[in-house]
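Student: Model the following, please.
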Amino acid sequence: QVQLVESGGGLVQAGGSLRLSCAASGRTFSNYAMGWFRQAPGKEREFVAAINRSGNSIYYVDSVKGRFTISRDNAKNTVFLQMNSLKPEDTAVYYCAAALSASRMSRDGADYWGKGRLVTVSS
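Tutor: Numbers count the residues shown, from 1 in each chain. The predicted structure follows:
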């Protein structure tokens, strides 16, 4: 089992920045690819970003490319999502996720999930 606990997020004006963190515990963090998903009100959960175990392969959904950055610190068992130039359409509950493959996460989802953190972007 992998336990994932997100922190950060909150309310920000459009154009602002926020950072999400996700602390992992349980099985060896460096054995897992990590990612972020989000679910906006009334919409299905969607893939946002993923990073492989070593951190040298990264994937983003097109809508966040150039604005969001995923990173990880294997020594601290933590993954981050830096969100810049936020837009109202980025408003959602953001979920940290762990899986065996970063490249397949956008298609297959994840094996472990955090409880989510709300990010609200006002216009």
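Student: so who does the residue most central in space within the chain touch?
Tutor: By CA atoms, centre = their mean, the chain has its centre lying nearest to residue 36, at 2.3 Å. Counting by CB atoms under 8 Å, 6 or more residues apart in numbering, residue 36 touches 20, 22, 48, 49, 50, 70, 79, 81, 94, 95, 96, 97. Any C-beta I mention is one placed from the backbone N, CA and C, and that applies to glycine too.
Student: Now name the helix or strand holding it.
Tutor: Per DSSP states H and E, residue 36 falls inside strand 33-39.
Student: Now do the buried residues in that strand.
Tutor: If you call a residue buried by 16 or more other CB atoms under 10 Å, then strand 33-39 has these buried ones: 33, 34, 35, 36, 37, 38.
Student: so who does the closest residue in space to the fourth one that isn't next to it in sequence touch?
Tutor: Of all residues not flanking residue 36 in the chain, residue 48 sits nearest, at 4.4 Å (CB to CB, 6 or more residues apart in numbering). When contacts are counted by CB under 8 Å, 6+ apart, residue 48 is found next to 35, 36, 37, 38, 60, 61, 64, 68, 81, 94.
Student: what's the burial count for the spatially closest residue to residue 69 that is not a sequence neighbour?
Tutor: Leaving out its chain neighbours, the residue that sits closest to residue 69 by CB to CB, 6+ apart is residue 82, at 4.4 Å. For residue 82, the count of nearby residues is 15 (other CB atoms under 10 Å).
Student: Please consider this matter closed, and thank you.
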